[in-house]
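# Sequence first, then the predicted structure:
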Amino acid sequence: MNDVMQTWEGHDGVSFMKNIGIGLADIVVDFGCRVGHYSIPAALAVGPSGLVYALDKDQASLDELVRKARKHGLRNIKATTVAGPLEVDIESNSVDVVLLYDVLHYFTQSQRRKLIRQMYRILKPSGLLSVYPKHTADDWPSEEFKNLHVSDVIREIQGCHFRPDGQHEAILSHDDGLEHGCVLNFRK
């Protein structure tokens, strides 16, 4: 991993996580975490009394995340392979924050609804859903999102009983680099 990403994960990303609303001792789900560009800073932000569920379908990515967590001395990340978005094996009403960063475009509209409903189920009352809606018609269009605008994504999430709770513009991780982006926060 390059120095820019190491700095982001260990410092700038931690500040970003705190800015979006992650606090000490929170329980966080990073769905589609890849190699942990958001899981690592989230784990640092929640501290040793918090927990980050890092969920991904790719075991090699999770293995890399576990190696990085060890280098940081982090023991509060639970890396778990998921078979798909439709069932998340986490207790209902048990999570403070869910991160859906750069993942929604991989799913059809019906799969997205099922995923968002699963996130609603696992979030505590007033829990935070934070979404980085990459690859919409407004931003590097691809796959399922190529004909959707950010406003459409907002409507989909609101249709699953979430209420908007602000936007945060920042330098964000995308793939293995950094770029300017905007995340959308919602509350259960």
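In hand now; what should we look at? This is a predicted model, so every value here is computed, not measured.
# make it CA atoms for all contacts and neighbour counts henceforth
Noted.
# Assign a three-state SS to residue 69, would you?
helix (DSSP: H, G, I helix; E, B strand; the rest coil).
# wait, what's in contact with the nearest residue to it once chain neighbours are set aside?
Spatially, and ignoring its direct neighbours in sequence, residue 69 is nearest to residue 40 (6.6 Å; C-alpha to C-alpha, 6 or more residues apart in numbering). Applying C-alpha atoms under 8 Å, 6 or more residues apart in numbering to residue 40 gives the contacts 9-10, 65, 68-69.
# what's the spacing between residue 40 and residue 109?
Remark: distance between residue 40 and residue 109 (C-alpha to C-alpha, to the nearest Å) = 29 Å.
# for residue 16, same thing?
Noted for residue 16: a distance of 29 Å to residue 109, by C-alpha to C-alpha.
# which SSE is the residue nearest to residue 69 in?
Using DSSP states H and E, residue 40 falls within helix 39-46.
# next one: the next helix or strand after that helix to chain centre, how far?
Sequence-wise, the next helix or strand downstream of helix 39-46 (DSSP H and E) is strand 51-56. Distance of strand 51-56 from the chain centroid (C-alpha atoms, centre = their mean, to the nearest Å) equals 9 Å.
# swap in stretch 107-123?
Computed by C-alpha atoms, centre = their mean, the separation of stretch 107-123 from the middle of its chain amounts to 13 Å.
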